[in-house]
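Undergrad: okay, here's the prediction I keep looking at, along with the sequence it came from:
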Amino acid sequence: MSKNVLRLFFVSILVFSFSCAKKRIEIPVYEGVNVRDVLLSKTRITGIETTFSVTFERDDTEMKGEGALNMSKNGDMNMRIYSFGFPVFQISSADGLIKSNPVVDRNKGTLLTYGLRDCLFWWDMEDFSIEEKDSTYILKDIIRTVWLDRKTMLPVKQSVALSDGKELIMYYSEPERMGEEWYPSKIRIELMKYAVILTIKEMSFNPAS
């Protein structure tokens, strides 16, 4: 009797483990599709809203929180960060004017506004060249370079040259889907000694009206 009970116990544990395991996501394969057509299909998106977990890194210190972001294609944005349910940080940008509470230095302000804009609207490029290298397409314009996975047509890396000579570096991973739109759900943005890591919980794409 005890053997049967143990057998049933282990079977139930296995069933529970498989039911809780994260389902494998089948990402569409776009290999052979024209890159410019893929980017053109995304130009209908004029705004992005997202909630996320965030980690701010600077030197050997880090701060974690939860956040909500609403960003327009033109760079206007509003982001709030919470810790244990309490608001701890807010930053907005409208017509190029950045406001934050508490006040942040220029580097962090750049990272959290222009950096996030180029990071999320990675496809918004004009007059760019395309180079094929190994498993990626490399898209380049005057200030930005985007590395696209040739099969998924999703970004894996991006660099943005800033006017003061500094460089923003972004790394993308862990694809997810919202409706028909695929996006990287984990993003790391680096600028000098600063880094921001976003783990996307929900993301919605607002089309042009």
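TA: Perfect, thanks for sending it.
Undergrad: only C-alpha atoms from now on, for both contacts and neighbour counts.
TA: Will do.
Undergrad: so residue 119 lies in a strand, does it not?
TA: No. Read with DSSP: H, G, I helix; E, B strand; the rest coil, residue 119 is helix and lies in no strand.
Undergrad: with adjacent residues omitted, what lies nearest to it?
TA: In space, not counting the residues next to it along the chain, residue 119 is nearest to residue 170; the distance is 7.0 Å by CA to CA, 6 or more residues apart in numbering.
Undergrad: tell me which element the closest residue in space to residue 156 that isn't next to it in sequence falls in.
TA: Nearest non-adjacent residue to residue 156, counting by CA to CA, 6+ apart: residue 172, 4.7 Å away. Here residue 172 sits within strand 167-178, counting by DSSP states H and E.
Undergrad: so which residues of the protein form strands?
TA: Applying DSSP state E to the chain gives strands spanning 45-58, 61-72, 77-83, 86-94, 97-101, 129-133, 136-140, 144-149, 155-161, 167-178, 181-191, 194-207.
Undergrad: please list all residues in contact with the residue nearest to residue 156.
TA: Residues touching residue 172, when contacts are defined by CA atoms under 8 Å, 6 or more residues apart in numbering, comprise 155, 156, 157, 184, 185, 186, 187, 188.
Undergrad: ok, 6 Å please
TA: The contact partners of residue 172, by CA atoms under 6 Å, 6 or more residues apart in numbering, come to 156, 157, 184, 186, 187.
Undergrad: neighbours of the second one, just the number please.
TA: Residue 157 sits with 21 neighbouring residues when counted by other CA atoms under 10 Å.
Undergrad: right, and it touches residue 171 too?
TA: Yes. Look at residue 157 against residue 171 with CA atoms under 6 Å: they come within range, at 4.5 Å.
Undergrad: now residue 194: closest residue in space that isn't a chain neighbour?
TA: Leaving aside its chain neighbours, residue 194 sits nearest to residue 58 (4.9 Å; criterion: CA to CA, 6+ apart).
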